[in-house]
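Engineer: After the sequence you'll find the predicted model.
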Amino acid sequence: MNYKRVFNFNAGPAALPEPVLESLRDEMMNFQNSGISVMEMSHRSKQVIAIMKEAESLLRELMGISENYSVLFLQGGASQQFAMVPMNFLIDQKPAAVLHTGYWTKKALSELKKIGSYKIVASSEEINFTALPDCQNSKITGEEYSYLYLCSNNTIYGTQWKKLPPVVSTAPIIADMSSDILSRQFNVNEFGAFFAGAQKNIGPSGLTVAVIRKDLLDRCNEKVPSIFQYKAHAEAESAYNTPPVYSIFVALKVLQWLKNVGGVAAIEKINNEKAALIYNAIDEDEFYTSPINKTDRSHMNVVFMIRNGNEELESKFAKESEAAGLSGLKGHRAIGGLRASIYNAQPLEGVSRLVDFMKEFSKKNK
Ligand SMILES: Cc1ncc(COP(=O)(O)O)c(C=O)c1O
C-alpha cells in the first residue's frame, strides 16, 4: 500500500511503532480466522481473555512486576487516577505528601483537595518548574502521611526524576508514570502504586494502566463507588465493566515489539542516545536554549527555545519542520517554545533528521 508517513514528535497520543500499525492493519478484518475484528469481540470471549492475560504477563515481565502487585487495565485516563488515588489511598485523615513539579502534579493536587488534604513537601514552582525541587532532607513517615505522591516525568516542563528522589519515605510512594513508563528501568518494588495513561509508551488513548501493591487494595473505604475502587477492578481481573478491548490489543502488540527490540534496558540505551543528540544540538548552538536544569532534563520530552523565547522564530520553526516531515514540535500551550517528544517508538532516524533540521534552521535564521 502506498502511504506517506512523517516523523511524529507529538506529546500524546504519540507515535506508535510502524510494525505494530502494519500488523494491526493486516489483522483488522479477520483476527486469527475468527471472521471478525478484535474491535468487534466480546470481552468475555476466549480470544480477548487470552489477549488481556498475555498483555498483563508481558508487562509484568518487561517491568519486573511481581505477584505482590495487581496489574489493572482501566479507562478514564491518567486524570481519573488523580481522583482514584486519593479516593483509594487516603487514610485516617492523614494528608498525602506531594512533590510538586508542574502542570500534572497541579492537576493531581486539585483533585486531592476535593477528597482530602495534602502537604506539598517540596516544590519548584518558585523557579517556574525549570528544575526538580531539592528534597535532600525530606523525611516522610507513614505515621504522618497516607502516601508520597510524585510524577516521574513532567511531560510539559520537560523535567524527569532519573531515580527516585532522595526522600526517606516509610509511606508508600505513588507515581504518575504516564510519560516515561517502559522507557527506562524502574525498581517497581520501591512503589506502592503507579499508573500511566497509555497514549505515550504503551498504546492508544482509552487505556490506563494501574499497578497496585496488593496490600494497598484494602485501604479503600467501601462507600467509594465500586467503579472507582481498585479492589473491584482487581477482583474482576480488569473486566468489572467492558474494558477498552482494542486499546489493550494494541498495547499487547507494543509490548511484543518492545520485547523484540530487547526490552526496557535496550530501549533505555536508545532513549538516552536520542536525548543526548538533541540536547547536544541545543547546547552547541547559542541560537537554541534549554530552560531546564541540566541534570533534571527529561529524556522523553525535550523542551527548548529559540533566542530565549523568540515567538516569531519558534512559530516559523514549527511550521517549517512540519513541512519537512517532522510533525508536532510546537511547545505546549501552557508554556510555549518548542518540544520534541521522543518516546520509545520515535526511531533514532527521526531524531537525527530533527537535529539536521535544527542545524539548517539555525544557519538560515542566525
Ligand atoms: C504526566 C501526565 N500525567 C497525566 C496526564 C493526563 O493524561 P490523560 O489525558 O490520559 O488524563 C498526562 C497527559 O499528557 C501526562 O503527561
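Structural biologist: Perfect, I can see it now.
Engineer: Can you tell me the closest non-neighbouring residue to Pro133?
Structural biologist: Among residues not flanking Pro133 along the chain, Ala122 sits closest, at 3.8 Å (C-beta to C-beta, 6 or more residues apart in numbering). No exception for glycine: its C-beta is placed from N, CA and C like everyone else's.
Engineer: what's the next secondary structure element after the one helix or strand that neighbour maps to?
Structural biologist: According to DSSP states H and E, Ala122 maps onto strand 118-123. Downstream of strand 118-123, the next assigned helix or strand under DSSP H and E is strand 139-140.
Engineer: Just the residues contacting the next helix or strand along the chain from that following strand, thanks.
Structural biologist: Where DSSP H and E defines the elements, the next helix or strand beyond strand 139-140 is strand 148-151. Counting by C-beta atoms under 8 Å, 6 or more residues apart in numbering, strand 148-151 makes contact with 85, 96-99, 101-102, 104-105, 108, 112, 118, 121, 140, 161, 165, 167, 169, 171-176, 178, all of which sit outside it.
Engineer: repeat that for 6 Å
Structural biologist: By C-beta atoms under 6 Å, 6 or more residues apart in numbering, the surrounding residues in contact with strand 148-151 are 96-99, 101, 104-105, 140, 169, 171, 173-176.
Engineer: Out of those residues, list just those in helices.
Structural biologist: Applying DSSP state H to those, the entries found in helices are Trp104, Thr105.
Engineer: Check pLDDT for the contacts of strand 148-151 and point me to the minimum.
Structural biologist: Ranked by pLDDT, the contacts of strand 148-151 bottom out at Ser169, which scores 85.
Engineer: quick one on the thing from earlier: just the pLDDT for the residue nearest to Pro133.
Structural biologist: 94.
Engineer: which residues does it form a beta bridge with?
Structural biologist: Residues in a beta bridge with Ala122, per DSSP bridges, are Leu99.
Engineer: quick one: contacts for it?
Structural biologist: With contact taken as C-beta under 6 Å, 6+ apart, Ala122 is in contact with Leu99, Pro133, Cys135, Ser138.
Engineer: now, among those, which is nearest to the ligand?
Structural biologist: Within these, proximity to the ligand (C-beta to the nearest ligand atom) peaks at Leu99, which comes in at 13.1 Å.
Engineer: Give me the distance from the strand holding Ala122 to the chain's centre.
Structural biologist: 22 Å (C-alpha atoms, centre = their mean, to the nearest Å).
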